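J.: Predicted model and sequence follow; I will ask about them next.
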Amino acid sequence: MSIGVKICGITEPASLETAIEYGADWIGFVFFPRSPRFLTPAQGADLSIRMPTNGPARVGLFVKAQDSDIQAALDEVPLDILQIYDTPSRAAEIRNRFGLPVWLAYGVSTRSDLPAYSDLDGLLIEARPQIDALRPGGNGQSFDWHLTQNWHPPAPWMLAGGLTPENVSQAIAISGAQAVDVSSGVETTPGVKSAEKIRTFIQNARSTCARSKS
Ligand SMILES: O=C(O)c1ccccc1NCC(=O)[C@H](O)[C@H](O)COP(=O)(O)O
């Protein structure tokens, strides 16, 4: 089965076109104002309209968002999935309110941080942010990929955090992930994506035979 790939934090057409050209499955639009990848709903709409109907899915990223924030984005952008940084109960509330699949992000540093239960549609497993982090994700920080070995995920999950074109194959092989997500690792500076890095990341991820779950 082909490794799923999400390219997150797209902010301009050129990198969007590269991600589409090389077969990204998901494109992340960040609606978190303190992110260097922040998009207004109107900016998200300008990018979304460039996406083919049979292309990648549109993932909207929200951090402790009010319903009104999410609604404002949905009024402009036909998001397919909502990626939420909040509590599991709030994530379930959002799913019920908006009727869209919801992925919940988990910052992990030890095995006990991995969720044992979830009734959501997906999990994003990434490094727990540093205490002084300016944001809960998109920090280019990885965690010990051995932590997910022999883990029985309660929902489909995606590996994120500190992935790069150079380490993604090893990350897949060690973690057993069937899907990966990247933002910083395909940028030249925070918020500025590199078409070459995007291409190489996707090709390297897809050329990896994910380690079978044991
Ligand atoms: O990307 C951001 O700036 C961001 C800001 C606030 C919350 C989440 C954010 N990104 C979420 C993602 O899905 C990232 O792709 C994921 O955290 C991995 O980021 P990176 O380590 O930079 O590859």
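T.: Thanks, I have it.
J.: what about V180, neighbour count?
T.: 27 (other C-beta atoms under 10 Å). For every residue, glycine as well, the C-beta is placed using N, CA and C.
J.: any idea which helix or strand comes after the strand or helix carrying it?
T.: Assigned by DSSP states H and E, V180 belongs to strand 179-182. Using DSSP H and E, the helix or strand that follows strand 179-182 in sequence is strand 187-189.
J.: tell me how far that following strand is from the chain's mean position?
T.: Taking C-alpha atoms, centre = their mean, to the nearest Å, one finds strand 187-189 lying 17 Å from the centre of the chain it belongs to.
J.: same deal with stretch 9-29?
T.: Counting by C-alpha atoms, centre = their mean, stretch 9-29 comes out at 12 Å from the chain centroid.
J.: Quick one: end-to-end length of it, please.
T.: 5 Å (C-alpha to C-alpha, to the nearest Å).
J.: pLDDT averaged over that stretch - what is it?
T.: Averaging pLDDT along stretch 9-29 gives 98.
J.: for stretch 154-162, same thing?
T.: 98.
J.: Can you point out the buried residues in it?
T.: Residues of stretch 154-162 classed as buried: 157-162 (neighbour count, 16 or more other C-beta atoms under 10 Å).
J.: One more: stretch 57-68?
T.: 58-63, 65.
J.: Check those one by one and keep those near the ligand.
T.: Filtering the buried residues of stretch 57-68 for proximity to the ligand by C-beta under 6 Å from any ligand atom leaves 61, 63.
J.: That'll do, ta.
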